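K.L.:
Could you work out the structure for the sequence below:
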Amino acid sequence: MGLHSLLYVSESTLTLPAEEWQVDVIIDVARSRNSALGVTGALMFTHVNFVQVLEGSRPALEELMTSIRRDPRHRNIRVLEEEALAYRRFATWSMAYLGPAALVEPKIAPLVQQGGRRVDPFATEDMICLLRSLTAMGD
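P.N.:
Below is the predicted model:
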């Protein structure tokens, strides 16, 4: 079983600020579940969208995505990139959290405004690099 990664984006259904506490619940559950499944990654929340990179075995990622797709706090979930990895990019994080990150909304816009077109691979790589840079500050 090799190491895999996926990047998804979703729209938040949370009513802010009343339900902002739900993000803390998402993070706590993700850290516990990811650790148990051997998954690492990073989550960003912008008050409008969630963007998450997950790294682990394909079965673990499939299990997490099934759970995320059932989560009513997300809608319009789109996996933008899946790839095999030689090494973990977020090795020290069961779930790094970055947010609320309204300043990065321009970086997320190319990922969510694609309509039926393919996502620009440079936009997904830019997001992964941004997430890695921001999590490096917390190491």
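K.L.:
How much space separates the residue nearest in space to the middle of the chain from residue 27?
P.N.:
With distances taken as C-alpha atoms, centre = their mean, the chain has residue 52 as the residue nearest its mean C-alpha position (0.5 Å). Using C-beta to C-beta, to the nearest Å, residue 52 is found at 11 Å from residue 27. No exception for glycine: its C-beta is placed from N, CA and C like everyone else's.
K.L.:
Common neighbours of these two, please.
P.N.:
Jointly contacting residue 52 and residue 27 under the rule C-beta atoms under 8 Å, 6 or more residues apart in numbering are residue 43.
K.L.:
Poorly predicted segments of this protein, please.
P.N.:
Within the chain, the stretches with pLDDT under 70 are 1, 99-119, 137-139.
K.L.:
Can you report phi and psi for residue 63?
P.N.:
phi -60, psi -40 (degrees, to the nearest 10).
K.L.:
which residues sit in contact with it?
P.N.:
Counted by C-beta under 8 Å, 6+ apart, residue 63 has contacts residue 37.
K.L.:
how near is it to residue 79?
P.N.:
14 Å.
K.L.:
for residue 57, same thing?
P.N.:
16 Å.
K.L.:
Can you get me a residue count around the nearest residue to residue 74 once chain neighbours are set aside?
P.N.:
Closest residue in space to residue 74, ignoring its immediate chain neighbours: residue 10 at 4.0 Å, by C-beta to C-beta, 6 or more residues apart in numbering. Residue 10 sits with 20 neighbouring residues when counted by other C-beta atoms under 10 Å.
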